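Undergrad: Build the 3D model from these lines:
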Amino acid sequence: MSDIYKKMVEEALAAQYADVNVLKQKRGTKFTLADAKPYVDAVKKMTVADGQSAAVINLHKGSVKTHFEVLSNLTGYVRPEDDPFVEHYQTPVILEILCDQDKQFAKSMETFADCIKKNESIVGREAARCYAGFYGPSCVVDFALMPGSTSNVVNQILQKTDIPTDHKQAILAAKSWGMNTSYGIGDLFAKRIEAGDTLAEASDKEVKQLQALYQHPVAAQVELMNSSGMSSFDPKKYMDNYRKGIETCVKAAIDDGVHYGNIATIPAYCVGDISHHISQSTYNMCKDDVVMATIEAVTGVIDKTLHAALPDIKSGYQLLDVATGASAVAAEYLLEMDGFNAPMIVDLLTKRYHNLVMIRPTRGAAAELHNCDFMDMIYRGWKILDKAQRVKNGSGKPLAARSGGMLIDLSPIHENEVLMNPQRYAYPACAITVRASALMRIADYPCLLTSEPITATMMTNIIALDKGTPAAPARACKSCATACLVGSRHQYCQYREAV
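TA: Predicted structure coming up:
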């Protein structure tokens, strides 16, 4: 199996470096869609190893290719305000293709939409909790089943829906990694309450909005984009043309027996690099030398750690664990170089969240989602580093942090000229917050640290080895930082009850 793990590492890092190298070259300039071509070229080189489903790999490659071509034919530029939405147009199309190909699945989608109305008490309660900040910071599009996430609510309703289990799993997956439109639980409810609706009126509108995501997914996304003021391109034309490009890949995946949950997620999570991670907003963020250096150094840590671990890797999930653990440790290590640590930052961001609820009651449902990703990442890194530091104690030996049993190589941080000379980026004698402040800048947008290009590419490779098992959402406790360090919300998570 060592050859396939090597392939997974090379393909994942190719995707990550495609983004990083473009950012190094283009940061601070005006984005054009053609800038994303290196990422498309990296994805085109993905191959099918022995034991992998070609249909799964082709879903990934076909979606990236189609997304790039369709978007390029509609526009040459995507506004920063519109770029996060680019990975929300694929799943609505996939769901409609699945419904057209499988009338039983179409019936299940219809039944589930009806059950949303029958379970208005759940929808209203969860929307009210999100509006009031009951759960604390929540990732509304969480890839697990965090309290306050849309997938958590969808799972609660699916448990009360009488449809085949594999259809339940597909619907749940479509609203976790698949995202299925840009809508997150409670967004309309909060805005209607602040606009003067009664709680009952706002709850009724929230229910109708959620039903629309399953009754007519493509039309629902068009309506959401039109109401949000998205103006970079025509969303209806995009989805019509995307369907023409991806339909063959979807049909091939159905014929190959790929679980619908995987078919509904892979095409969405792999396209975000094109005009989102490689985009105007990222170019603007990476103007700062320390921000850019942080992304480069963390990428280097992942790279060196993965290559060193390869001879001892036993599974694809272990490889994923090593990759995400390495980035978590690298981020926490940088924080600690400036005298901060995860518990301090989680406390700060959680306190800020509750103040934000009061001063911005109509904040978007997604406002704190990436703060949650960031907190979860550094908290994980803190736990690993804390253990390593206890083991090291006064031994004088090098720090030996491990993830997935593998040693994490932090040398790229120490070899980075920018990160090791913070005095060049502040009042020199007082440059004690430079690295931590760069990380706080990334806290709103940590996609290239967590890292999405790497996890997306690895997940497709893992799914290709087990196409019949739905990979999303993660059916495990992911140790939410706020739940572990500040709040007491573990009892509201749905990971044990996932359909």
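Undergrad: Could you list the low-pLDDT ranges of the protein?
TA: Residues of the chain meeting the criterion pLDDT under 70: 1.
Undergrad: So which bits of stretch 203-210 are buried?
TA: By 16 or more other Cβ atoms under 10 Å, the buried positions in stretch 203-210 come out as 203-207, 209-210. C-beta coordinates here come from the backbone N, C-alpha and C atoms, glycine included.
Undergrad: just to confirm, which helix or strand has the closest residue to Lys37 other than its chain neighbours in it?
TA: Leaving aside its chain neighbours, Lys37 sits nearest to Phe68 (7.5 Å; criterion: Cβ to Cβ, 6 or more residues apart in numbering). Following DSSP states H and E, one finds Phe68 within helix 54-74.
Undergrad: So for that helix, what gets flagged as buried?
TA: For helix 54-74, a neighbour-count test (16+ other Cβ under 10 Å) marks 55-68, 70-72, 74 as buried.
Undergrad: Can you name every helix or strand that the following helix or strand past that helix contacts?
TA: Per DSSP H and E, the first helix or strand lying C-terminal to helix 54-74 is helix 90-101. If contacts are counted by 3 or more Cβ pairs under 8 Å, 6 or more residues apart in numbering; DSSP states H and E, helix 90-101 sits against helix 103-118, helix 165-174, helix 217-228, helix 235-255, helix 260-263, helix 266-269.
Undergrad: Now do the buried residues in helix 90-101.
TA: By neighbour count on 16+ other Cβ under 10 Å, the buried set for helix 90-101 is 90-99.
Undergrad: same check, this time on stretch 315-333
TA: For stretch 315-333, the neighbour count (16+ other Cβ under 10 Å) marks 316, 318-333 as buried.
Undergrad: Likewise for stretch 185-200?
TA: Neighbour counts over stretch 185-200 (16+ other Cβ under 10 Å) mark 185-193, 197 as buried.
Undergrad: So which of these are in helices?
TA: Among the buried residues of stretch 185-200, DSSP state H puts 187-193 in helices.
Undergrad: What is the nearest of the residues you listed to His354?
TA: The closest of these to His354 turns out to be Ala190 (Cβ to Cβ; 15.2 Å).
Undergrad: right, and that closest one touches Arg129 too?
TA: No - assessed by Cβ atoms under 8 Å, Ala190 is found out of contact with Arg129, at 11.1 Å.
Undergrad: my guess is Asn73 meets Tyr238, correct?
TA: No - between Asn73 and Tyr238 there is no contact under Cβ under 8 Å: 9.3 Å.
Undergrad: what's the overlap in contacts for those two?
TA: In terms of Cβ atoms under 8 Å, 6 or more residues apart in numbering, Asn73 and Tyr238 are not both contacted by any residue.
Undergrad: so which strand or helix has the nearest residue to Pro453 once chain neighbours are set aside?
TA: Excluding the flanking residues, the one nearest Pro453 by Cβ to Cβ, 6+ apart is Ala15, at 3.9 Å. Assigning secondary structure by DSSP H and E places Ala15 in helix 2-26.
Undergrad: Kindly format the C-alpha coordinates of the helix or strand just after that helix as CSV.
TA: As assigned by DSSP H and E, the chain's next helix or strand after helix 2-26 is helix 37-44. Taking Å, rounded to 0.1, in the frame of the first residue of the first chain, the C-alpha atoms of helix 37-44 are listed here in CSV:
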residue,chain,number,x,y,z
LYS,A,37,-5.2,27.3,-13.7
PRO,A,38,-2.2,25.9,-11.8
TYR,A,39,-4.6,24.3,-9.3
VAL,A,40,-6.7,22.9,-12.2
ASP,A,41,-3.5,21.5,-13.7
ALA,A,42,-2.5,19.8,-10.4
VAL,A,43,-5.9,18.2,-10.1
LYS,A,44,-5.8,16.9,-13.7
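Undergrad: Show residues contacting helix 37-44.
TA: Helix 37-44 has contacts (Cβ under 8 Å, 6+ apart) with 11, 14-15, 17-19, 21-22, 60-61, 64-65, 68, 270, 273-274, 278, 453, 457.
Undergrad: now swap in stretch 246-255 and tell me
TA: Residues outside stretch 246-255 that contact it (Cβ under 8 Å, 6+ apart) are 55-56, 58-59, 62-63, 66, 90, 93-94, 97-98, 101-102, 260, 262-263, 267.
Undergrad: how far away is Ala127 from Leu188?
TA: Counting by Cβ to Cβ, to the nearest Å, the gap from Ala127 to Leu188 is 8 Å.
Undergrad: Pull up the overlap in contacts between these two.
TA: 202, 206.
Undergrad: so how many other residues sit close to Lys26?
TA: Lys26: 17 surrounding residues under other Cβ atoms under 10 Å.
Undergrad: do Pro470 as well
TA: Pro470 has 27 neighbours, counted by other Cβ under 10 Å.
Undergrad: cool, and Leu224?
TA: 22.
Undergrad: circling back: buried ones among the contacts of helix 37-44?
TA: Among the contacts of helix 37-44, those classed as buried by 16+ other Cβ under 10 Å are 11, 14-15, 17-19, 22, 60-61, 64-65, 68, 270, 273-274, 278, 453, 457.
Undergrad: next structured bit after the helix or strand hosting Val346?
TA: Using DSSP H and E, Val346 falls within helix 342-359. Later in the chain than helix 342-359, the nearest helix or strand by DSSP H and E is helix 369-392.
Undergrad: Give me the helices and strands touching that following helix, please.
TA: helix 316-337, helix 342-359, strand 402-403, helix 481-485.
Undergrad: circling back: a markdown table please, covering the helices and strands packed on helix 90-101 and showing distance to Pro311.
TA: Converted to a markdown table, these look like this (distance: least, Cβ to Cβ, whole Å):
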| stretch | distance to Pro311 |
| --- | --- |
| helix 103-118 | 43 |
| helix 165-174 | 33 |
| helix 217-228 | 45 |
| helix 235-255 | 33 |
| helix 260-263 | 29 |
| helix 266-269 | 29 |
